[in-house]
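Engineer: Structure for the following, please:
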Amino acid sequence: RTHPTTIENTNQTMDPTIAAIIAALSARMDALESENKELRRQKAEEQTAKSEDLEAKVSAKVQLASDGKGKAEKVYEQRLQAAEAKVEKQEEKIKALKAKDEEQEEKIKA
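Structural biologist: Numbers count the residues shown, from 1 in each chain. Alright, predicted model coming up:
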């Protein structure tokens, strides 16, 4: 038989079965606390990994968007240049037609 444990601050002795149950529960609580700490640590690591992954994805999307913007600007610039070239050709045609008109008018006057 084990020696009876004394309840703190009293002179009463504790039943050995109750003492064993308390010791087992205490050990179980310690185990649960360390398991809880480990789970929290793992969760924190997962959160860090998720946020790093999210950061990488956002960075990639921003890069794609800026690449897309650059391409869009190039296409816009090319279209603008093509339109300006067409306008210049039209202006040259108009000048040529005006010159012909003036020639015709001078021929008529002559």
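Engineer: switch to C-alpha atoms for all contacts and neighbour counts from now on
Structural biologist: Noted.
Engineer: State the pLDDT value of the residue of the chain positioned farthest from its centre.
Structural biologist: Most distant from the centre of the chain: residue 110, at 78.8 Å, with distances by CA atoms, centre = their mean. Residue 110 is assigned 74 on the pLDDT scale.
Engineer: And it, how close does it get to residue 102?
Structural biologist: Distance of residue 110 to residue 102, computed by CA to CA, to the nearest Å: 12 Å.
Engineer: Where does pLDDT dip in this protein?
Structural biologist: In the predicted model, the chain carries pLDDT under 70 at residues 1-14.
Engineer: Try it again at 50.
Structural biologist: Counting by pLDDT under 50, the chain contains low-confidence residues at 1.
Engineer: show me where it has strands.
Structural biologist: If you assign secondary structure with DSSP state E, the strands in the chain sit at 5-6, 13-14.
Engineer: tally of neighbours for residue 58?
Structural biologist: Using other CA atoms under 10 Å, residue 58 has 12 neighbouring residues.
Engineer: quick one: it from residue 65, how far?
Structural biologist: Per CA to CA, residue 58 is found 10 Å from residue 65.
Engineer: cool, residue 83 as well?
Structural biologist: Residue 83 is 26 Å from residue 65, where distance means CA to CA.
Engineer: Could you do residue 44 as well?
Structural biologist: Counting by CA to CA, the separation of residue 44 from residue 65 is 31 Å.
Engineer: now do residue 59
Structural biologist: Counting by CA to CA, the separation of residue 59 from residue 65 is 10 Å.
Engineer: likewise residue 36?
Structural biologist: For residue 36, the distance to residue 65 equals 42 Å [CA to CA].
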